[in-house]
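next comes the sequence, and after it the predicted model I'd like to discuss.
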Amino acid sequence: MRTVPYFINDERVEGSGDLLVYNPATGGVNAHVPVADAQLVDGVVNIARTAADTWRNSTLSQRTNVLFTLRQLLVQHADELAALITQEHGKTLADAKGELARGLENVEYACGLTEHMKGDFSSQVADGVDVHSVREPVGVVAAITPFNFPIMVPLWMTANAIATGNAVILKPSERDPSVSVRLGELLREAGLPSGVFNVIHGNADTVNRLLEHPGIDAISFVGSTPVARHVYLTGTAHGKRVQALGGAKNHMVVLPDADLDIAADAAINAGFGSAGERCMAISVVVAVGDIADELIGRITDRLDRLTVGPGDDPSSDFGPLITKEHRDRVVGYVTSAPSEGITVVRDGTSWADKPGFFVGPCLLDGVEPGMKAYDDEIFGPVLGVSRVATYADAVTMVNANPYGNGVAIFTRDGNAARLFSREVNVGMIGVNVPIPVPIAAYSFGGWKNSLFGHSHIYGPEGFAFYTRAKVVTTRWPQPSESQIDLGFPTTR
Ligand code: NAD
């Protein structure tokens, strides 16, 4: 049985594998993955610190060159990387390539680092005095990532952290860790000096060691809300800057004037793509006014045409869930739904009787706040429908929800859409766009329980997060201009 190696100081390093990596399409064990103990973490931090001291002095053109080459290598190896993702995550090959493409955007954005790293300059702020600002790397970044985007989320963090002159220790999800090791090898091939990018594996103990380690300067975390909260509180208590992105419950509000075919397409794409295992998946369709029956009819027409199957079968629209435990949890929301007063319009739970970790598409009608199927992030192919009377009721529902990652509105009314985007307490809003993941030049982040810390991830906020500001005030006195003045310096 294969054991997934660490990637430390440019080498594959074998560890003894304790955790199991499954092929979710078959339910079989694919590989073992080791758990980094405190000693291993300490060793990697030392390596990364030494590498960071050198890499911070690399030229901007050297960094750009590495990132350009990485982009090329990721494109060249797209099929291989997608196959690795599908094997361990279960998503379709097309979906795996889609996440790689979104990750690539971040590499491309980071290639513009000479522009993004520019400081400001003010001449003659006082007589003979100039001021300029620079941004310098924070040092060593720990990147801790979730299972559901095994290449995109590591690239969200790694591209910008490296571009800004930091060293990175990536701790990917233990459920689909292999593609991160390949990322390390491609970065090595791209010319990144050894020790600047390292991959370690492990569980909560490994993460906690990173959170407490004095040699780590910044933590980028993406995962579930309880862990994000813990990471934020522990990391900041140990003096680190932390951005911790958590879970979600994303609403799609459909106003009575919307094109219902377009809305139904969007609900299917965003609700069932990647088996609903996306932090920006639509979880609840909020039907406003009297359109619910018509909309549900159009959604079920489409849902009945979906094909569930292994991710490497081109005819599959979506694949299995990540683990047996997660599949059983998702099935539980559907089987308990009638006891909460919910109508199960489509029940895909019989898929759970087949090999692998599958659940077929499920549609629940009458999902409301206070019900488990509404309150929890289900993270599976289960779409809920809520019926509300007015636009104001829909806004109240969205704003009362403790999560605030993404939301979408479907309407033909530009003014309603504009009002909605101003009124909702959510970080990313789509107008007739169901999965409004910002392009890499804008930063990604939710509000409320979907993000702890003030910094969104990637884009301009990513560059700011991975750097510290310095402001230099300069005076070149005239010869023999000597003068003693104990007053506080002013510009007047
Ligand atoms: P998770 O929180 O279980 O794991 C994320 C990472 O934290 C993994 O590397 C894991 O090893 C580690 N971890 C797990 N438990 C820990 C603990 N107790 N202490 C310290 N570290 C721990 O998340 P997941 O199941 O891998 O991913 C799915 C979740 O991630 C969903 O909630 C989803 O919404 C969220 N997510 C959010 C975003 C976003 O941008 N907001 C993006 C992708 C996924």
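Looks like it came in fine.

return the residues of the chain in contact with the ligand.
144-149, 153, 171, 173-174, 203-204, 207-208, 222-224, 227, 230, 245-248, 279, 377, 379, 405, 446, 450 (CB under 6 Å from any ligand atom). C-betas here are computed from N, CA, C, even on glycine.

can you say which of those are buried?
144-149, 153, 171, 173-174, 207-208, 222-224, 227, 230, 245-248, 279, 377, 379, 405, 446, 450 (16 or more other CB atoms under 10 Å).

now, which of these lie within strands?
Judged by DSSP state E, strands contain the following of those: 144, 171, 222, 245.

identify the farthest-apart pair in those residues.
Distance extremes for those: the farthest pair is 171 and 245 at 15.0 Å, using CB to CB.

got the phi/psi numbers for residue 104?
Main-chain torsions, residue 104, degrees, to the nearest 10: phi -60, psi -40.

hang on, isn't it packed against residue 151?
No: between residue 104 and residue 151 there is no contact under CB atoms under 8 Å: 9.3 Å.

between the two, who's got more neighbours?
Per other CB atoms under 10 Å, whichever of residue 104 and residue 151 has more neighbours is residue 151, with 29 against 20.

so what's the more buried one up against?
Taking CB atoms under 8 Å, 6 or more residues apart in numbering, we find residue 151 in contact with 81, 85, 96, 99, 100, 103, 179, 180, 183.

before we move on, the earlier item: CSV for the ones in strands among the buried ones among the residues of the chain next to the ligand, including pLDDT and distance to residue 157?
Converted to CSV, those look like this (pLDDT from 0 to 100; distance: CB to CB, whole Å):
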residue, pLDDT, distance to residue 157
144, 98, 9
171, 98, 11
222, 98, 8
245, 98, 10
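
what residues go with each domain of this structure?
6-246+450-472, 250-431 (automatic domain parsing).

could you dump those domains to a markdown table with distance to residue 478?
Shown next, in a markdown table, are those (distance: least, CB to CB, whole Å):
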| stretch | distance to residue 478 |
| --- | --- |
| domain 6-246+450-472 | 8 |
| domain 250-431 | 53 |
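
where's residue 233 relative to residue 301, distance?
Distance, residue 233 to residue 301, by CB to CB, to the nearest Å: 47 Å.

actually, residue 137.
Taking CB to CB, one finds residue 137 at 53 Å from residue 301.

and those two? Which one has more around it.
residue 137 (22 against 12).

show me what the more buried one is bridged to.
residue 467 (DSSP bridges).

quick one: the strands in the stretch 201-350 of the chain?
According to DSSP state E, counting those that start in this stretch, the stretch 201-350 of the chain carries its strands in the segments 218-222, 241-245, 250-254, 282-288, 343-346.

let me have those strands in CSV, extended by distance to residue 416.
Compiled in CSV, the strands of the stretch 201-350 of the chain are given as follows (distance: least, CB to CB, whole Å):
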stretch, distance to residue 416
strand 218-222, 32
strand 241-245, 29
strand 250-254, 10
strand 282-288, 10
strand 343-346, 27
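
residue 352: which of the ones you listed is closest?
Nearest to residue 352, of all these, is strand 343-346, at 14.5 Å by CB to CB.

partner strands of that closest one, with direction?
Here strand 343-346 has these sheet partners by DSSP bridges: strand 362-365 (antiparallel).

tabulate the CA atom coordinates of the partner strand in CSV.
Extracted C-alpha coordinates of strand 362-365, given in CSV (Å, rounded to 0.1, in the frame of the first residue of the first chain):
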residue,chain,number,x,y,z
CYS,A,362,-32.1,15.2,-2.9
LEU,A,363,-34.6,18.1,-3.0
LEU,A,364,-36.4,19.2,0.2
ASP,A,365,-39.4,21.6,0.2
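
buried sites along the helix or strand following it?
On the C-terminal side of strand 362-365, the nearest following helix or strand under DSSP states H and E is helix 372-375. For helix 372-375, a neighbour-count test (16+ other CB under 10 Å) marks 373, 374 as buried.

counting by contacts, list what the very next helix or strand once past helix 372-375 packs against.
Following helix 372-375 in sequence order, the next helix or strand is strand 382-388 (DSSP H and E). Judged by 3 or more CB pairs under 8 Å, 6 or more residues apart in numbering; DSSP states H and E, strand 382-388 is in contact with helix 260-272, strand 282-288, helix 292-303, helix 324-335, strand 362-365, helix 372-375, helix 391-400.

other residues contacting strand 382-388?
With contact meaning CB under 8 Å, 6+ apart, strand 382-388 is reached by 251, 267, 271-272, 276, 282-288, 292, 295-296, 299, 330, 333-334, 342, 345, 359, 361-368, 373-374, 394, 397.

are we agreed that residue 98 is in a strand?
No: with DSSP: H, G, I helix; E, B strand; the rest coil as the criterion, residue 98 is assigned helix and is not in a strand.

tell me which residues in the helix or strand of the chain with the lowest mean pLDDT are buried?
Least confident helix or strand of the chain, by mean pLDDT, DSSP states H and E, is strand 17-23 with a mean of 93. Across strand 17-23, burial judged by 16+ other CB under 10 Å covers 17, 19, 21, 22, 23.

equivalent analysis for stretch 25-39, please.
Buried residues in stretch 25-39 (16+ other CB under 10 Å): 25, 27, 30, 31, 32, 33, 34, 35, 36.
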